[in-house]
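Undergrad: Give the three-dimensional model of this entry:
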Amino acid sequence: MEKQFNPTVIYVLSIISFLCCCFAGLGIVLALPAFIMANGKLKEAEANPEQYNAATIKSIKTAKTVAMIALILNAIYLSMTIYRVATTDWDVLMEEYNRQLEQYQ
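TA: Model (predicted):
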């Protein structure tokens, strides 16, 4: 009997992490578990390929790719945020934040 794997959880975590990357790269919290889950399932499928059908293995690989892209984007955005906060004076950051708040009001 062939095992089936539903990568929906990995896709949902990855897509939500894409949306959260705009919040200082905090989507890394969702992208990392998605990548780890996909990687674990892929290793399990490659260890026992006779128990999984080809479509299942392909869906695991695609889910892993989406999670990896989300992880990379979030890591880049997080590192940019850390760099920006570390190299900019806090008063300048707060002034810019207040200016943007005034624009939206």
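
Undergrad: Torsion angles phi and psi at the residue sitting nearest the centre point of the chain?
TA: When Cα atoms, centre = their mean is applied to the chain, the residue found nearest the centroid is residue 31 (2.7 Å). When read as degrees, to the nearest 10, the backbone of residue 31 gives phi -70, psi -40.

Undergrad: what about it, distance to residue 37?
TA: Using Cβ to Cβ, to the nearest Å, residue 31 is found at 11 Å from residue 37. C-beta here means a position set from N, CA and C on the backbone, and glycine is covered the same way.

Undergrad: same question, residue 58
TA: Distance, residue 58 to residue 37, by Cβ to Cβ: 17 Å.

Undergrad: what's the answer for residue 103, then?
TA: Note on residue 103: its distance to residue 37, by Cβ to Cβ, is 40 Å.

Undergrad: Can you list the buried residues in the single longest helix found in the chain?
TA: Determined from DSSP state H, the single longest helix within the chain is helix 54-87. Within helix 54-87, the residues that qualify as buried by neighbour count (16 or more other Cβ atoms under 10 Å) are 56-57, 59-61, 63-64, 66-68, 70-71, 73-75, 77-78.

Undergrad: what touches both of residue 31 and residue 37?
TA: Taking Cβ atoms under 8 Å, 6 or more residues apart in numbering as the contact rule, residue 31 and residue 37 both touch 13, 67.

Undergrad: Please list the outside residues in contact with the lowest-mean-pLDDT helix or strand in the chain.
TA: Using mean pLDDT, DSSP states H and E, helix 90-104 stands out as the lowest-scoring helix or strand of the chain, at a mean of 86. The contact list for helix 90-104 (Cβ under 8 Å, 6+ apart) reads 84-85.
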